[in-house]
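Participant: test case, fold it:
(one chain, ligands or ions: 2)
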Amino acid sequence: MMEQFVQALSIAGSDSGGGAGMQADLKTIQERHVFATTVLVAITAQNTLGVNDAFALPTKIIDEQFEALAEDLAIKACKTGMLADVERVRAVVKNLKKFDFGPLTVDPVMIAKGGAPLLSEDAIAVVKNELLPLATIATPNLPEAEKLTDVSIEDEADMEIAAKKLQAVGVKNVMIKGGHFVGDDQSSDFVLLEDGTSFWLTSPRVDTIRTHGTGDTLSACITAELAKGKSVEDAIRIGKKYVDETIRHGIIVGHGHGPLNHWAGRNSDESNG
Ligand SMILES: Nc1ncnc2c1ncn2[C@@H]1O[C@H](COP(=O)(O)OP(=O)(O)O)[C@@H](O)[C@H]1O
Ligand SMILES: Cc1ncc(COP(=O)(O)OP(=O)(O)O)c(N)n1
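Facilitator: Ligands and ions are numbered 1, 2, ... in the order given. Reported below is the predicted structural model:
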């Protein structure tokens, strides 16, 4: 007998260049053998060189996308990416409270690698106070963790302090990504779990500028694994391994911060587990 195929949801912005945002989420969730659904929040005119323009969608169509999914699909986990501004963050929070789409991964996207803002400054407090308390896991990069906690992150000890502060605002599990520590020969992320246990996930840093969409790819992989019913710790470990492979086996697309190789792990048994 045919069974329901596992479904996950990406609530995010579109990257026309295909490397980050909703496109990275779709590719990643598909590679993890989970059916990807979407709520589009904003559209960017973007490529590997930068973001030329952005347009936030009306909240009416955001609400309608949530309603359409809830009325038909059986979504087992969801994630947020680019949410644009206060109005859009509040619309997403409202819908996440209304519908049960399983464990929520919040990737608190604020600024693209090229420097373009993807979240308005006044929306940061709304993400912190209204969205993060709904999260099963949050995956900020270093600048995002600094903005959310007011901790200036200079070293690994600061990452641990920031993770504890994030847990204090209500996020159950926290993964602070160390990808922005340029100069290090390792790329180390700090994980603090709900039960208070913590660990570091470290991989040799790949010397490349082809890292567009790393955060989206990691959080989408975690979401897909949570949808399959994996524990938070297992989902995080699989996410780190998956994103590492997509960076390590890079591809040449575009002239700037190039995208990842989302199908890099296809031949690895562990990646598809
Ligand atoms: N050059 C790199 N080599 C290996 N791993 C990396 C590299 N850059 C980022 N990562 C990893 O990619 C993931 C995403 O991190 P990061 O780039 O900090 O996120 P974001 O895209 O949100 O800024 C983390 O697991 C980080 O350790
Ligand atoms: C539409 C859109 N969403 C998110 C991002 C940022 O993605 P991220 O994975 O943090 O990767 P970088 O852009 O920082 O490389 C984006 N650029 N566009």
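Participant: enumerate the residues of the stretch 151-273 of the chain near ligand 1.
Facilitator: With the criterion set to Cβ under 6 Å from any ligand atom, the stretch 151-273 of the chain comes near ligand 1 through 177-180, 187, 189, 203, 205-206, 208, 211, 214-215, 218, 240, 243-244, 247. (C-beta placed from N, C-alpha, C; glycine too.)
Participant: again, but for the stretch 1-150 of the chain
Facilitator: Residues of the stretch 1-150 of the chain lying close to ligand 1 (Cβ under 6 Å from any ligand atom) are residue 141.
Participant: contact residues of this structure facing ligand 2?
Facilitator: 12-15, 20-21, 44, 46, 81-82, 109, 112-113, 118, 211-216, 257.
Participant: wait, is residue 128 part of a helix?
Facilitator: Yes: assigned with DSSP: H, G, I helix; E, B strand; the rest coil, residue 128 falls within a helix.
Participant: which strand or helix spans the residue nearest to it when sequence neighbours are not counted?
Facilitator: Excluding the flanking residues, the one nearest residue 128 by Cβ to Cβ, 6 or more residues apart in numbering is residue 148, at 5.3 Å. Assessed by DSSP states H and E, residue 148 sits inside helix 142-149.
Participant: swap in residue 161?
Facilitator: Assigned by DSSP H and E, residue 161 belongs to helix 156-168.
Participant: using CSV, write out every CA atom in that helix.
Facilitator: Below are the C-alpha coordinates for helix 156-168, written out as CSV (Å, rounded to 0.1, in the frame of the first residue of the first chain):
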residue,chain,number,x,y,z
GLU,A,156,34.4,30.4,20.8
ALA,A,157,33.7,31.3,24.4
ASP,A,158,31.5,34.2,23.2
MET,A,159,29.6,31.8,21.0
GLU,A,160,28.7,29.7,24.0
ILE,A,161,27.6,32.8,25.9
ALA,A,162,25.4,33.9,23.0
ALA,A,163,23.8,30.5,22.7
LYS,A,164,22.8,30.5,26.4
LYS,A,165,21.3,34.0,25.9
LEU,A,166,19.3,32.7,23.0
GLN,A,167,18.0,29.8,25.0
ALA,A,168,16.9,32.3,27.6
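Participant: elements contacting that helix?
Facilitator: For helix 156-168, the helices and strands in contact under the criterion 3 or more Cβ pairs under 8 Å, 6 or more residues apart in numbering; DSSP states H and E are helix 142-149, strand 173-176, strand 186-192, strand 198-204.
Participant: name the residues that touch the first one?
Facilitator: Read it as helix 142-149. 108-111, 124, 127-128, 132, 140, 151-153, 159, 161-163, 165-166, 169, 176-181 (Cβ atoms under 8 Å, 6 or more residues apart in numbering).
Participant: quick one, the helix holding residue 148 and strand 186-192 angle?
Facilitator: Relative orientation of helix 142-149 versus strand 186-192 (axes from the mean of the first three to the mean of the last three Cα atoms, to 10 degrees): 30 degrees.
Participant: thank you kindly, that will do.
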